[in-house]
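Novice: dropping a prediction and its sequence here:
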Amino acid sequence: MKRFLFISVLVFAAISSNSQSVKDWSCTAKIGNGFIVAHRPSVVHVLQKHCRSLEFDFMKTSSRKKGWEELYNYPEIGFGYQYFNLGNPEELGSAQGLFGLVKFKLFNHKTNYFKTHLGIGLGYVSKTFNITDNYKNLLVGSHINATITTGIEYQIQLSKKSMFTSGINLTHYSNGGSNVPNMGINLAMLNVGLVYHLNDISNPTKDTLSINREKAFEVVIAGGIKQIYPPNSPKYGVGIFTTDYLWPIKKKSLFTIGTDAFFDGSHNAFLKQDSVITDGIDGVLRGGIHVGYGLKVGKCTGILQTGYYLYNPHEIDGRIYNTLSIRYHLNDHWFVCFNLKSHYARADYFQYGIGYHL
């Protein structure tokens, strides 16, 4: 765990050092109180007490003119750390996460702000499912998980360098189906804290900005691993080949339409559980089309897509699927991506891949 935290700090520090002009650094300390959302009846029995949280954020505000920073009203970019007492030390333990973080101003006055934030990173959960001594914990099957945190906060200035902050925060832990059970931990928290700026708080002025977005075509190859029930069963490889046509709508957003070809090595084993024997491509392949909406923030593009299986011979998981894709552009053509594929609210698996932008 110490090695994971150390490596993550180095990664986020490297990302921070490569950004362009920086005008202001700030650090935030917050405490919170809340609960784990009982999204399924089968998890209610392990939810005993309210949860407590501790969070530290380290942020910077760019003042660069004529760039995406101005387009988004100079968001804050940095990284954060969260710690949660999950209210059941014997079966759930604690959770902590380290993540890249961006905060957007919804609107602001000279002395107070409403902001929304999004953080994505890695998390560690101390207590996981164990068939012998922790079989009631159906929330998470592995110590290492992905974590996603979002919310809304209100900040009011106390002095030239300090602010009071309060807000609502939602945090999710999941391994994306690499280990079952994987119902996921969903935390809803109310928090309060203090923000300290190294320089005096200021509001950069906005100029008239013109950014031209062009139509483009992208191809993506990604893969991952997946486990199906029962727990401790073998793990299977999964992969996807995606084509996307990107059509800019405004300066910030875009529309996508494309195709997907899925490979899922777990399908044959899943079908055998229902006494269906397959030995051809129909046991591992599916194909579909999708539409989606994307938001471009600097070199990153976040895309949410909904698809329909045109080829799904055994009707596994129904006909509708969803994909959340985070793409980071290395240059004008190549990018790396992180995808979460799901069916409605149930995560299927994570994918990690590379793509080419035409």
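Specialist: Here it is on my side, so go on. Numbers count the residues shown, from 1 in each chain.

Novice: switch to C-alpha atoms for all contacts and neighbour counts from now on
Specialist: Will do.

Novice: which residues touch Thr149?
Specialist: His117, Leu118, Gly119, Ile120, Asn169, Leu170, Thr171, His172 (C-alpha atoms under 8 Å, 6 or more residues apart in numbering).

Novice: helices of the stretch 51-200 of the chain, residue ranges please.
Specialist: 68-71 (DSSP state H, counting those that start in this stretch).

Novice: again, but for the stretch 201-350 of the chain
Specialist: Secondary structure of the stretch 201-350 of the chain (DSSP H, counting those that start in this stretch): helices at 267-273.

Novice: show me the shaky parts of the stretch 1-150 of the chain.
Specialist: Applying pLDDT under 70 to the stretch 1-150 of the chain picks out residues 1-23, 63-67, 108.

Novice: just curious, which of the contacts of Thr149 is nearest to Ala188?
Specialist: Leu170 (4.8 Å; C-alpha to C-alpha).

Novice: still on that earlier bit, could you dump the contacts of Thr149 to a markdown table with neighbour count?
Specialist: Formatted as a markdown table, these follow (neighbours: other C-alpha atoms under 10 Å):
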| residue | neighbour count |
| --- | --- |
| His117 | 18 |
| Leu118 | 18 |
| Gly119 | 21 |
| Ile120 | 21 |
| Asn169 | 20 |
| Leu170 | 18 |
| Thr171 | 20 |
| His172 | 18 |
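
Novice: now these as JSON lines including distance to Ala38?
Specialist: JSON lines is the format used below for the contacts of Thr149 (distance: C-alpha to C-alpha, whole Å):
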{"residue": "His117", "distance to Ala38": "24"}
{"residue": "Leu118", "distance to Ala38": "22"}
{"residue": "Gly119", "distance to Ala38": "22"}
{"residue": "Ile120", "distance to Ala38": "22"}
{"residue": "Asn169", "distance to Ala38": "16"}
{"residue": "Leu170", "distance to Ala38": "13"}
{"residue": "Thr171", "distance to Ala38": "14"}
{"residue": "His172", "distance to Ala38": "13"}
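
Novice: of these, which belong to strands?
Specialist: Of the contacts of Thr149, the ones assigned to strands by DSSP state E are His117, Leu118, Gly119, Ile120, Asn169, Leu170, Thr171, His172.

Novice: the second one pairs with what?
Specialist: What that stands for is Leu118. Val102, Thr150 (DSSP bridges).

Novice: that one and His172, how far apart?
Specialist: 12 Å (C-alpha to C-alpha, to the nearest Å).

Novice: list the contacts of Tyr113.
Specialist: Counting by C-alpha under 8 Å, 6+ apart, Tyr113 has contacts Lys105, Leu106, Phe107, Tyr154, Gln155, Ile156.

Novice: please list only the buried members of those residues.
Specialist: For these, a neighbour count by 16 or more other C-alpha atoms under 10 Å gives the buried set as Lys105, Tyr154, Gln155, Ile156.

Novice: excluding residues flanking it in the chain, which one is nearest the last one?
Specialist: Residue nearest to Ile156 in three dimensions, not counting chain neighbours: Asn112, with 4.2 Å by C-alpha to C-alpha, 6 or more residues apart in numbering.

Novice: picking that back up, identify the contacts common to Leu118 and His172.
Specialist: Common contacts of Leu118 and His172 (C-alpha under 8 Å, 6+ apart): Ile148, Thr149.

Novice: rewinding a little: pick the one among the ones in strands among the contacts of Thr149 closest to Thr323.
Specialist: For the ones in strands among the contacts of Thr149, the nearest to Thr323 is Ile120 (15.7 Å; C-alpha to C-alpha).

Novice: wait, that closest one sits on Ile148?
Specialist: Yes. The pair Ile120 / Ile148 is scored as a contact, 4.7 Å apart, by C-alpha atoms under 8 Å.

Novice: bridged to Ile77, which residues?
Specialist: Beta-bridge pairing for Ile77 (DSSP bridges): Lys60, Val102.
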